[in-house]
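Visitor: how would this look folded up:
(one chain, ligands or ions: 2)
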Amino acid sequence: MTRLEELLTTWIPTQRWFAGKGVAVDALRIEATHVLVPGVPGLRILVVAVAQNGRTDRYQVLLGLRAPDAIADELAHAVIGVCDSPADLRDLPSVVVYDATHDASMTAYLLDAIAEDRDDGAVRFRSAPGSTVHTGLRSLVLTGEQSNTTLVYGEEYVLKTFRRLWPGRNPDLELTSALARVGSEYIARPHGWIETDVVDPETGRTTPTTLAMLQQYLRSATDGWVLAATSVRDLYASPDLLPGEAGGDFAGEAHRLGAATAAVHRDLARVLPTDVLSPEAQARLADDMAARLHVAVAEVPELASHARTLYAAFEALGNMDADLPVQRVHGDYHLGQVVRTDSGWVLLDFEGEPAVPVRERQKLSSPLRDVAGMLRSFDYAARYQLVGRTDNSALVATARAWAQRNREAFCEGYAFGGGVDPEKHQMVLRAFEYDKAVYEVMYEARHRPHWISIPLDSIMALTG
Ligand SMILES: Nc1ncnc2c1ncn2[C@@H]1O[C@H](COP(=O)(O)OP(=O)(O)O)[C@@H](O)[C@H]1O
Ligand SMILES: O=P(O)(O)O[C@H]1O[C@H](CO)[C@@H](O[C@H]2O[C@H](CO)[C@@H](O)[C@H](O)[C@H]2O)[C@H](O)[C@H]1O
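Guide: Ligands and ions are numbered 1, 2, ... in the order given. A predicted model of the protein is given here:
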């Protein structure tokens, strides 16, 4: 009979949220099993350590268990396999295990437990200060290209379950809660969270670690990426027009998004620490960018011919003779992280780069890093519909014009909303844009190789 570890070794690498794609799994160990609903049907939270190529990453698996003949058709797609029963279920020779995020009868438990501030063994469920969580709502899994798994309960809440676990409080919860405390209108209100203790392998300390965050579901939300892509599509349909003349012009939205971004940065600086980088710290920041480029060139040799310009931009940042104010920022800002609601733009997903340890993500950074992220995203939105088109040469200029118009509108909106004027900090902005483009080359190489030409073409255009 099969052990659960064996099933997980096959299943985890096929999941969208698995960060170690393309690298063989050397070993898999279940580090913790939290039994939330005992017996069958049952629900457990597993912390699974996956060793690959000398490093170990931790993932959260919400595991459903049922008797082998008791799995409903609608759960068939979520089945991981049949394995030996765990030690506490010895009266059953085997069980079917499945991804419990798809089982509304099990996920109801999570919402109930948050509403009751339950302590369940080593798992703590908490509602946010001042929130009364409503229960009895059925959950559905949000589909999409995600690093995590998000459940929507009724039309009221989303529960974002963090898949890759790093010891510590997830910045998404930390920053969203901080912004909620000052009444920010640009976030989805946090309603609760789930946490457990994880031993930090670096320090050996037991560290409260966020497993999930419950947040207001924004019913009327449309993804910023979808809106921008629609605008680009409209323009491509009439390429003789200038972006400002086309029906679906996005510049007004880009301006409002810039202003919303500045407001969020202002609030973060108000409630969380700020600093000014010392010249040494500035040099370290530039060195880190150069080190990331070095790794990327080794993995994607096409980058090599542009490396000199990129290194020069990082060096200029390192030697810059001007103050660089830093604060908590979003950290992975792009059009897929913002939604347009009836009342304006809302920023989501403050967790930063999921592949970076929480400790790193908590470091203060320049808000221009987020600005650069969004500018890169305008470039992506403009270019992605050209991927694979052989007739695209005429449209390249159109794409550039669209990205430029929205870049300017966003920067103007950012300055109008009280942020620094990004266009007046070209050296810093350029370094962050290059650094993000290098990150994207690596991201696409690992997750969406068919899109790698997007950041590579931008780097080519940016570096001349
Ligand atoms: N509170 C919310 N209300 C409505 N939609 C949401 C909400 N939170 C997330 N979403 C949708 O889910 C997508 C992914 O959410 P996100 O927090 O960015 O997850 P991930 O870290 O996995 O990328 C968003 O782009 C948005 O479309
Ligand atoms: O999963 P997350 O949303 O936290 O972020 C990761 O995935 C993003 C892709 O979904 C990736 O963003 C890149 O692609 C976007 C278009 O899909 C584009 O708008 C962004 O500018 C580009 O960086 C993001 O980098 C990655 O961390």
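Visitor: CA only for contacts and neighbour counts going forward, please
Guide: Fine.
Visitor: check contacts around Gln385.
Guide: By Cα atoms under 8 Å, 6 or more residues apart in numbering, Gln385 lies in contact with Arg233.
Visitor: Check it and give its pLDDT.
Guide: You'll see Gln385 listed with a pLDDT of 92.
Visitor: hang on, it in a strand?
Guide: No. Counting by DSSP: H, G, I helix; E, B strand; the rest coil, Gln385 is located in no strand; its state is helix.
Visitor: Show me which residues of the protein are close to ligand 1?
Guide: Contact residues (Cα under 6 Å from any ligand atom) of the chain with ligand 1: 146-149, 158, 188, 215-218, 221, 223, 336-337, 348-349.
Visitor: To what extent is the closest residue to Val338 other than its chain neighbours buried, counted in neighbours?
Guide: In this structure, Val338 finds its nearest non-sequential neighbour in Leu347, 4.6 Å apart by Cα to Cα, 6 or more residues apart in numbering. Residues contacting Leu347 under the criterion other Cα atoms under 10 Å number 24.
Visitor: partners of Leu347 in the sheet?
Guide: Ile187, Val338 (DSSP bridges).
Visitor: Can you sort out which of the residues of the chain next to ligand 1 also neighbour ligand 2?
Guide: Near ligand 2, judged by Cα under 6 Å from any ligand atom, the entries from these are Gln146, Ser147, Gly336.
Visitor: which SS state does the second one fall under?
Guide: So the one you mean is Ser147. Strictly by three-state DSSP, Ser147 counts as coil.
Visitor: next one: the last one
Guide: Going by three-state DSSP, the secondary structure assigned to Gly336 is helix.
Visitor: give the contact list for the residue of the stretch 1-150 of the chain found nearest ligand 2.
Guide: Residue nearest to ligand 2 within the stretch 1-150 of the chain: Ser147 (4.4 Å; Cα to the nearest ligand atom). Ser147 sits next to Arg16, Trp17, Phe18, Arg163, Pro354 when contact means Cα under 8 Å, 6+ apart.
Visitor: Filter those residues down to the buried ones, ChimeraX style.
Guide: Burial among these is assessed by 16 or more other Cα atoms under 10 Å; the matching ChimeraX selection reads:
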select :17,18,163,354
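Visitor: So which of the contacts of Ser147 are in strands?
Guide: Taking DSSP state E, every one of the contacts of Ser147 sits outside strands.
Visitor: Can I get the contacts of Ser147 in a markdown table including distance to Leu142 and pLDDT?
Guide: Converted to a markdown table, the contacts of Ser147 look like this (distance: Cα to Cα, whole Å; pLDDT from 0 to 100):
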| residue | distance to Leu142 | pLDDT |
| --- | --- | --- |
| Arg16 | 13 | 90 |
| Trp17 | 13 | 93 |
| Phe18 | 17 | 94 |
| Arg163 | 14 | 97 |
| Pro354 | 18 | 84 |
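Visitor: nearest to Thr2, of the contacts of Ser147?
Guide: Thr2 has its nearest neighbour among the contacts of Ser147 in Phe18, at 22.1 Å by Cα to Cα.
Visitor: Nearest spatial neighbour of that closest one, chain-adjacent residues omitted?
Guide: Using Cα to Cα, 6+ apart, the closest residue to Phe18 is Ile12 (6.5 Å).
Visitor: Hmm, the one you found is touching Gly20, no?
Guide: No. Contact criterion Cα atoms under 8 Å: Ile12 and Gly20 do not qualify, at 9.6 Å.
Visitor: ok, back up a step: can you turn the buried part of the residues of the chain next to ligand 1 into a ChimeraX selection?
Guide: Here is the ChimeraX command that picks out the buried ones among those, judged by 16+ other Cα under 10 Å:
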select :147,148,149,158,188,215,216,217,218,221,223,336,337,348,349
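Visitor: Tell me which of the residues of the chain next to ligand 1 has the lowest pLDDT.
Guide: The minimum pLDDT among the residues of the chain next to ligand 1 falls on Gln146, with 79.
Visitor: ok, it - contacts?
Guide: Counted by Cα under 8 Å, 6+ apart, Gln146 has contacts Arg16, Trp17.
Visitor: again with Arg44
Guide: Arg44 neighbours (Cα under 8 Å, 6+ apart): Thr33, His34, Val35, Leu36, Val37, Leu62, Leu63, Gly64.
Visitor: got the phi/psi numbers for Gly64?
Guide: When quoted as degrees, to the nearest 10, the phi and psi of Gly64 stand at phi -100, psi 150.
Visitor: Off-centre distance for stretch 160-169?
Guide: With Cα atoms, centre = their mean, to the nearest Å as the basis, stretch 160-169 stands 11 Å off its chain's centre.
Visitor: Cheers, nothing more for now.
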